[in-house]
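Chemist: A predicted structure for the sequence below; I have some questions about it.
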Amino acid sequence: MLQILIINGAQNGAQGWNTATNAVYNPVTFDPETWTFVVEPATTIARVYHSTANLLPDGRVLVAGSNCHIMYTFTGDFPTELRVESFSPAYLDPINDPFRPQIVTFPEIVNYNTSFNVEISLPTAPTGNIGLTLTSSPFTTHSFSQGQRQIKLPVTAPSLISGTDTYLLTALGPISTTVAPPSWYMLHAINEGIPSGGIWVNVQY
């Protein structure tokens, strides 16, 4: 289940030095399947143009930065901002813990177009397939995430390992460097739309 987080920025003006006004305090989540938006709880810190947001392995989003200035500037409408925040998406709500997978074993290296195994534990038995994704670690600034990509991997149905609450999944690595350039990616298991924590793996030849 793909969702898009829109965070930081301004409602008026344009990107650039001191050209944006009316800071956006509420993140918005967009669901491209239903074409609906959800307005998330507001921050109290204006981030405006020269800000950043980065996905953390535990599922939170690190938010930092402020309007750009030549030097540290602590006066005016949008002063230099040194505080750092974390945004917690709805999927981190404890109510989802019974569905949250945990990656138990995984390969440190994922090769192109090559199968690999992942074992996950689940508090409750899955009602359907469990997804595996690779998410790049881009830096997000100047209005967009540079190098952002997420790859949904082909994966077999979960197979319960006898006597445990652990399930075996077999996935296929990315088909080419065009789809996923060689780099480090966060591997997530997704059950009922609820992701595990991210595990770093190295995608390479």
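Modeler: Arrived safely, thanks for sending. Just so you know, these numbers come straight off a predicted model, no measurement behind them.
Chemist: least trustworthy helix or strand in the protein by mean pLDDT?
Modeler: strand 139-141 (a mean of 69; mean pLDDT, DSSP states H and E).
Chemist: And the pLDDT at the residue nearest the centre of the chain?
Modeler: Nearest residue to the geometric centre of the chain (Cα atoms, centre = their mean): Leu55, 4.5 Å. What the model reports for Leu55 is a pLDDT of 90.
Chemist: Please report the distance of the nearest residue to it once chain neighbours are set aside from Trp17.
Modeler: In this structure, Leu55 finds its nearest non-sequential neighbour in Val61, 5.8 Å apart by Cβ to Cβ, 6 or more residues apart in numbering. Placement of C-beta: from N, CA and C, glycine included. Distance of Val61 to Trp17, given as Cβ to Cβ, to the nearest Å: 26 Å.
Chemist: Compare those two and say which one has the larger neighbour count.
Modeler: Val61 (17 against 11; other Cβ atoms under 10 Å).
Chemist: Show me the beta-bridge partners of the more buried one.
Modeler: Counting by DSSP bridges, Val61 is bridged to Leu55, Phe87.
Chemist: residues touching it, list them.
Modeler: Each residue near Val61 by Cβ atoms under 8 Å, 6 or more residues apart in numbering is listed here: Leu5, Ile7, Ala53, Asn54, Leu55, Ser86, Phe87, Ser88, Pro89.
Chemist: Generate a ChimeraX selection restricted to the buried entries among those residues.
Modeler: To isolate the buried members of those in ChimeraX, using 16 or more other Cβ atoms under 10 Å:
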select :7,53,55,87,89
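Chemist: Now render the contacts of Val61 as TSV, adding distance to Val203.
Modeler: Converted to TSV, these look like this (distance: Cβ to Cβ, whole Å):
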residue	distance to Val203
Leu5	23
Ile7	27
Ala53	23
Asn54	19
Leu55	17
Ser86	27
Phe87	27
Ser88	28
Pro89	25
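Chemist: Pro101 reaches Ile190, doesn't it?
Modeler: Yes: using Cβ atoms under 8 Å, Pro101 is in contact with Ile190, at 7.4 Å.
Chemist: how many neighbours does the nearest residue to Val24 once chain neighbours are set aside have?
Modeler: In space, and not counting its chain neighbours, Val24 is closest to Gly9: 4.9 Å by Cβ to Cβ, 6+ apart. Counted with other Cβ under 10 Å, the neighbours of Gly9 add up to 18.
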